[in-house]
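[1] Just a sequence and a predicted model for now, questions to come.
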Amino acid sequence: MKRNGLFITLEGPDGAGKTSVLDILAHRLEESGTDYLRTREPGGIRISEKIREIILDNDHTEMEARTEALLYAAARRQHLVEKIVPALKAGKVVLCDRFIDSSIAYQGAARGIGTEEVRTINRFAIGSTMPDLTILLDVPAEVGIRRISEGRGHEVNRLDAEGLDFHRKVRDEYLRIAESEPDRVVLIDATGSLEGTAEVAWDAIKSRMK
Ligand SMILES: Nc1ncnc2c1ncn2[C@@H]1O[C@H](COP(=O)(O)OP(=O)(O)OP(=O)(O)O)[C@@H](O)[C@H]1O
Ligand SMILES: Cc1cn([C@H]2C[C@H](O)[C@@H](COP(=O)(O)O)O2)c(=O)[nH]c1=O
């Protein structure tokens, strides 16, 4: 796919601060007059938001791991073709809250399906459209869980509600991804202040926009 835009994803364990940092980054892009699109996974468009509801519903305790992985990949496919690719072709900066690395970390590693299996179904879903830059906000699982439980108004979904061991596996896999793809993934310690974390993320984006 020929594209002129910049595809940026934010990743990290639950409660790392992705949504909060994205609020600040979107504001910075706005101020700088950059044509950008902010979106999220699973979701971002009508069909994928419906799939999100199915996946994250706390009542769906019987959902099997591969079913979950396939639903995330299906939501990703529709979101990509309907929203992300057109925006990139139009030359926009796309800021996406989560993408393929979430599936590798959550379904591949933490659910135990296997990272290569999950990569394979996601290659089918996204073809060659990988992010140009991935900002990985790193916090220990305990910190993320505490932030979510203390954060007023934060929905606790079926995945958030998994145990500490699950969230530790998610974080460990993210760190492995960062180590294996240093050109794409910028690893940021997100245990400090929100403003400080967002500043480092903004510097990484500015350097790619030049
Ligand atoms: N650097 C920070 N220090 C302290 N609290 C923070 C920080 N960043 C975010 N928070 C708080 O932690 C909670 C979770 O933040 P946020 O929703 O941005 O995380 P997230 O990574 O998007 O989570 P999820 O993946 O579960 O949606 C919120 O209450 C937010 O105010
Ligand atoms: C894209 C994607 C997401 N997840 C998980 C990660 C979170 O626990 C939820 C999404 O909730 P958020 O508040 O929007 O972060 O889904 C996953 O397991 N696999 C994925 O591919």
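    Sure, I can see it. Ligands and ions are numbered 1, 2, ... in the order given.
[2] hang on, Leu95 is in a strand, isn't it?
    Yes - under DSSP: H, G, I helix; E, B strand; the rest coil, Leu95 falls within a strand.
[3] Surely it is in contact with Asp23?
    No - the pair Leu95 / Asp23 is not scored as a contact, 10.5 Å apart, by Cβ atoms under 8 Å. Glycine gets a C-beta too; all of them are placed from N, C-alpha and C.
[4] quick one, which of the two is more surrounded?
    Leu95 (22 against 13; other Cβ atoms under 10 Å).
[5] Excluding residues flanking it in the chain, which one is nearest that one?
    Spatial nearest neighbour of Leu95, chain neighbours left out: Arg38 (4.8 Å); criterion: Cβ to Cβ, 6 or more residues apart in numbering.
[6] List the contacts of that neighbour.
    Shown in contact with Arg38 (Cβ atoms under 8 Å, 6 or more residues apart in numbering): Leu22, Ala26, Leu95, Cys96, Asp97.
[7] Save these as a markdown table, and put in pLDDT too.
    Listed next are the contacts of Arg38 as a markdown table, based on pLDDT from 0 to 100:
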| residue | pLDDT |
| --- | --- |
| Leu22 | 98 |
| Ala26 | 98 |
| Leu95 | 98 |
| Cys96 | 98 |
| Asp97 | 98 |
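[8] who wins for neighbours among these?
    Going by other Cβ under 10 Å, Cys96 tops these with 25 neighbours.
[9] need the contact list for that one.
    By Cβ under 8 Å, 6+ apart, the neighbours of Cys96 are Phe7, Ile8, Thr9, Leu10, Arg38, Thr39, Arg40, Glu41, Gly44, Ile84, Pro131.
[10] Check the secondary structure at the first one for me.
    Secondary structure assignment for Phe7 (three-state DSSP): strand.
[11] for the last one, same thing?
    Using three-state DSSP, the structure places Pro131 in coil.
[12] any residues touching stretch 77-92, and which ones?
    Contacts of stretch 77-92 (Cβ under 8 Å, 6+ apart): 1-7, 35-37, 39, 41-45, 47-48, 51, 94, 96, 125-126, 129.
[13] Quick check: mean pLDDT of that stretch?
    Averaged across stretch 77-92, pLDDT comes to 98.
[14] before we move on, what about stretch 187-196?
    Rounded mean pLDDT across stretch 187-196 is 98.
[15] As PDB, could you dump the C-alpha coordinates of that stretch?
    C-alpha atoms of stretch 187-196 as PDB (Å, rounded to 0.1, in the frame of the first residue of the first chain):
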ATOM      1  CA  LEU A 187      10.100   2.300  25.000                       C
ATOM      2  CA  ILE A 188       9.000   4.900  27.600                       C
ATOM      3  CA  ASP A 189       9.100   4.500  31.400                       C
ATOM      4  CA  ALA A 190       5.500   5.600  32.200                       C
ATOM      5  CA  THR A 191       5.700   5.400  36.000                       C
ATOM      6  CA  GLY A 192       6.500   9.100  36.400                       C
ATOM      7  CA  SER A 193       4.200  12.100  35.900                       C
ATOM      8  CA  LEU A 194       1.700  12.100  33.100                       C
ATOM      9  CA  GLU A 195       3.100  15.400  31.700                       C
ATOM     10  CA  GLY A 196       6.600  14.100  31.700                       C
END
